[in-house]
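Trainee: got a structure for you, letters missing:
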């Protein structure tokens, strides 16, 4: 666990504007369990962190929990090991394709007014999916065979 531990339970509860008693009801645990989590006597499991994040509406807490624990919350993309040359080719092809399609300029146009309207939403979602593919390819490269 990292030195600068962020108390996920307390942070989510406060963001959701709940008392410890209300929070225990939301999470279907005892008040003693909530107090143990908030007192850093126990660390909540991934299932309860997911409930907390859903209840407070802030996925940053899931990210912080992932960084603070060794367990995965499936926040990172699923990757499979591939030979290093193939992983490099996949990543570079995705980046070049993104640039060749001027997706960066389209994203800037969408974000220019600070609002994603209903007409822009499908294109924005497609661009984000393409960026997620680039991220997944980067993780594939990071964990490629022969990369160590």
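Mentor: Now that the structure is in, tell me what you want to look at. None of the values given here were measured: they were computed from a predicted structure.
Trainee: Relative to the whole chain's centre, how far out is stretch 117-134?
Mentor: 17 Å (C-alpha atoms, centre = their mean, to the nearest Å).
Trainee: Buried residues, it. List them.
Mentor: By neighbour count on 16 or more other C-beta atoms under 10 Å, the buried set for stretch 117-134 is 120, 124, 127, 130, 133, 134. Just so you know, the C-beta spots here come from the backbone N, C-alpha and C atoms, and that holds for glycine as well.
Trainee: try stretch 132-148
Mentor: The neighbour-count check on stretch 132-148 (16+ other C-beta under 10 Å) flags 133, 134, 136, 137, 138, 139, 140, 141, 144 as buried.
Trainee: still on that earlier bit, so which one among the buried residues of stretch 117-134 has the lowest pLDDT?
Mentor: When the buried residues of stretch 117-134 are compared on pLDDT, residue 133 comes out lowest, with 93.
Trainee: OK, contacts around the nearest residue to that one once chain neighbours are set aside?
Mentor: If the residues on either side of it in the chain are set aside, residue 133 comes closest to residue 94, at 5.6 Å by C-beta to C-beta, 6 or more residues apart in numbering. Applying C-beta atoms under 8 Å, 6 or more residues apart in numbering, we find residue 94 in contact with 130, 133, 134, 137.
Trainee: Relative to residue 111, how far out is residue 94?
Mentor: In this structure, residue 94 and residue 111 are 21 Å apart, going by C-beta to C-beta, to the nearest Å.
Trainee: Sort out which of the buried residues of stretch 117-134 are in helices and list them.
Mentor: 124, 127, 130, 133, 134 (DSSP state H).
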